[in-house]
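1. Predicted model and sequence below, questions to follow.
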Amino acid sequence: MTKQEQRQYIKQLLRSKGDEFFKESSKAACEKLISLSKFQSANTVLAYMAMKRECDPCYAVEKARELGIAVAFPLCCEGNTLKICVPFGADSFRTGAYGIMEPDPEKSAILSPNDLDFIIVPGLGFDAECRRLGRGAGYYDRLLSESRAYKTGLAFDEQILSEVCIEPHDVKLDCVVTANHIFTV
């Protein structure tokens, strides 16, 4: 299967799932994620605001805040790059690119990629070797290549493929977490 075929396969598979699946599976995956020692020892975590049919890290975000961990969110910028923002409060978000909530840079602290200790990475597909299939714009590959942070994919079990197609610019993750598995390299 090509990358595009893998993307279409995962999208079709997730379209067949109901809202309860996304809520319950996201929570179960987050419970595994927050059990990781790298997560618990982090000072700053980069999370994301989930798109529809995407594993939602909101439970991990809540836990990070309880632990006193600073939580940053990405802001999509020109050139398919991400700016890393720590919002000052709940009112520091606005609807941004792709119709998802993004931090308002005027109401956020701006960080560099190396200020992060742990990155929760979204994706369409992953495999047991911690390879990631993104949506194709390269936002995360650019960021991941610049950061020394521990990089963890958050996914549904249904998003694990036997082997993700990769290209030279694709960045391998340190870990992939689902409701039932923790894959590490």
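-> Great, that's in hand.
2. Mind naming the longest helix for this structure?
-> Ranked by residue count and defined by DSSP state H, the top helix of the chain is helix 19-34.
3. Residue 119: what secondary structure?
-> strand (DSSP: H, G, I helix; E, B strand; the rest coil).
4. mind listing what it touches?
-> By Cβ atoms under 8 Å, 6 or more residues apart in numbering, residue 119 lies in contact with 45, 46, 143, 144, 147, 149, 150, 151, 152. The way it works is simple: take the backbone N, C-alpha and C, and place the C-beta from them, glycine included.
5. So among those residues, which ones count as buried?
-> 45, 46, 143, 144, 147, 149, 150, 151, 152 (16 or more other Cβ atoms under 10 Å).
6. what are the phi and psi values for the fourth one?
-> Residue 144 has phi and psi values of phi -60, psi -30 when expressed as degrees, to the nearest 10.
7. distance of it from residue 74?
-> Remark: distance between residue 144 and residue 74 (Cβ to Cβ, to the nearest Å) = 11 Å.
8. What is the nearest of the contacts of residue 119 to residue 95?
-> The shortest approach to residue 95 among the contacts of residue 119 belongs to residue 46, at 19.9 Å (Cβ to Cβ).
9. so the closest one touches residue 72, yeah?
-> Yes - using Cβ atoms under 8 Å, residue 46 is in contact with residue 72, at 4.8 Å.
10. Give me the most central residue, this structure.
-> residue 121 (2.4 Å; Cα atoms, centre = their mean).
11. Tell me where the chain has strands.
-> Assigned by DSSP state E, the strands in the chain fall at 44-46, 70-77, 81-87, 93-95, 101-103, 108-111, 118-121, 125-127, 132-133, 150-154, 160-161, 175-177, 182-184.
12. what helices or strands is the last one leaning on?
-> On a contact count with 3 or more Cβ pairs under 8 Å, 6 or more residues apart in numbering; DSSP states H and E, strand 182-184 meets strand 175-177.
13. Which other helices and strands does the strand it packs on contact?
-> Using 3+ Cβ pairs under 8 Å, 6+ apart: strand 175-177 touches helix 19-34, strand 150-154, strand 182-184.
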